[in-house]
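A.B. asks: Whatever this is, show me its structure:
(one chain, ligands or ions: 1)
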Amino acid sequence: MELFIDSADIADIRKAVALGVISGCTTNPKLAALAEPGDFRHRVEEILGIIPGPISVEVVAEQIDDMLCEAEEYAAWHERVVVKIPMSLEGLEVVAKLERERDIRVNVTCMVNTNQATMAMMAGASYVSLFVGRINDLGDDADAVLQQTAHSIDRGGFSTRLIAGSMRSADDIRRSFLAGAHIVTTPYRFLPEMAHHPRTVETIQEFKQAWNQARSEGGLS
Ligand code: E4P
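C.D. replies: Just a heads-up that it's a prediction; the model follows:
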């Protein structure tokens, strides 16, 4: 089980990594557009310096040759760059070429069902990303889609890592791991929510008060 940070925002990435629970990063073109302006390659290099794990960078090209070209450019930035290829028939061809012929690691993204993920695995994807929030938005059951996909990975003997993305709450993270995701990628904002519980805060206060009282009455030195 691993947690990735789903962000291109350096401040959020630093805060998340400081917690000691993050082992990779996923970005996408929208996240890059929403983060502070600047050179995107420089941003990715900064992230690589903060996180010692894989960083997914997504192609925006749509034609096979253009996707291959863009993917090769990103992969050349660093050996830990994983190229995100959005799911499509053209995308599958690109995945097979990148993984099998060019030794480039691929994360197939924007997927909402097990058939898509199965094709991506068969094409050789190192990572497959299912979008939990968007699956639930469709009225489908993201837990079931994750379970079926995890089952297909085991049954097919694939080494593909299953990423659950599109988190909408801390509870989505809990459920995704339970349903079989190897990796959950989350925005920073759900990490404080995962760590916090009012009962924990009350308990800490209760213990501290007892300690202080005992010290003030001379029963503890
Ligand atoms: C994952 O890799 C994606 O970047 C992300 O989780 C998309 O989530 P969204 O549905 O919030 O856009």
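
A.B. asks: My guess is residue 179 contacts residue 147. True?
C.D. replies: Yes. With contacts counted by Cβ atoms under 8 Å, residue 179 reaches residue 147, the gap being 4.9 Å. In this view, the C-beta of every residue, glycine as well, is placed from N, C-alpha and C.

A.B. asks: More neighbours: the two, which one.
C.D. replies: residue 179 (21 against 16; other Cβ atoms under 10 Å).

A.B. asks: So the more buried one versus residue 130, what's the distance?
C.D. replies: Separation of residue 179 from residue 130 (Cβ to Cβ, to the nearest Å) stands at 10 Å.

A.B. asks: do the same with residue 49
C.D. replies: In this view, residue 49 and residue 130 are 29 Å apart by Cβ to Cβ.

A.B. asks: Can you give me the domain boundaries for the protein?
C.D. replies: Described in terms of automatic domain parsing, the domain architecture of the chain consists of the residue ranges 2-188, 197-221.

A.B. asks: what is the rounded mean pLDDT of the last one?
C.D. replies: Same thing as domain 197-221. Taken as a whole, domain 197-221 has a mean pLDDT of 95.

A.B. asks: can you offset everything so residue one is 32?
C.D. replies: All set: I'll call the first residue 32, so the last point we hit is now domain 228-252.

A.B. asks: Now for residue 44: which residues touch it?
C.D. replies: Taking Cβ atoms under 8 Å, 6 or more residues apart in numbering as the contact definition, residue 44 lies against 36, 38, 53, 56, 78, 81-82, 219.

A.B. asks: the more surrounded of residue 80 and residue 161?
C.D. replies: residue 161 (28 against 9).

A.B. asks: Next, the buried residues of stretch 165-172.
C.D. replies: By neighbour count, and taking 16 or more other Cβ atoms under 10 Å as the criterion, the buried residues in stretch 165-172 are 165-167.

A.B. asks: what's the span of stretch 120-134 from first residue to last?
C.D. replies: Start to finish, the residues bounding stretch 120-134 are 20 Å apart (Cα to Cα, to the nearest Å).
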